[in-house]
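A.B. asks: Turn this into a model:
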Amino acid sequence: AGFHDAVTFADLAARENFAADCRTAFLRCSYWLGAKEAPRCGLEALARAIFDRHVGDAAYDADRSGVEWWVQVRGRTGDQHEEPVANELG
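C.D. replies: You can find the predicted model right below:
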């Protein structure tokens, strides 16, 4: 199983929406979601779920903790980066 199987989608529309979110967020930068902040999009919800999975029952300072996340969008051949587009996350 490769990265193609890492996330499953309910249907093709959900997959296309996720891909569109990735293209929107791809600005060659990273984002920060604080532990107390609500996710603003599906990508942040995914990052939060990964954070929660890693943290588990561990004690942590929610005022100083969170998750850094980013996207990397590649062309269909896997060897080209698409150009970034403007978005409202940055």
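
A.B. asks: how about the most far-flung residue of the chain relative to its centre, secondary structure?
C.D. replies: Distance from the centre of the chain peaks at Ala59, with 23.9 Å (C-alpha atoms, centre = their mean). Classification of Ala59 using DSSP: H, G, I helix; E, B strand; the rest coil returns coil.

A.B. asks: Can you show me the strands along the chain?
C.D. replies: Taking DSSP state E, the strands of the chain run over residues 31-34, 66-69.

A.B. asks: Could you tell me which strands the first one is paired with, and in which direction each runs?
C.D. replies: The reference is to strand 31-34. Strand 31-34 pairs in its sheet with strand 66-69 (antiparallel), by DSSP bridges.

A.B. asks: Ser30 contacts Gly66, doesn't it?
C.D. replies: No - assessed by C-beta atoms under 8 Å, Ser30 is found out of contact with Gly66, at 11.6 Å. Just so you know, the C-beta spots here come from the backbone N, C-alpha and C atoms, and that holds for glycine as well.

A.B. asks: the more surrounded of the two?
C.D. replies: Gly66 (18 against 10; other C-beta atoms under 10 Å).

A.B. asks: mind checking how far that one is from Asp57?
C.D. replies: Distance of Gly66 to Asp57, given as C-beta to C-beta, to the nearest Å: 18 Å.

A.B. asks: Which other helices and strands does the lowest-mean-pLDDT helix or strand in the chain contact?
C.D. replies: Lowest by mean pLDDT, DSSP states H and E among the helices and strands of the chain is helix 12-25, with a mean of 88. Applying 3 or more C-beta pairs under 8 Å, 6 or more residues apart in numbering; DSSP states H and E, we find helix 12-25 packed against helix 42-55.
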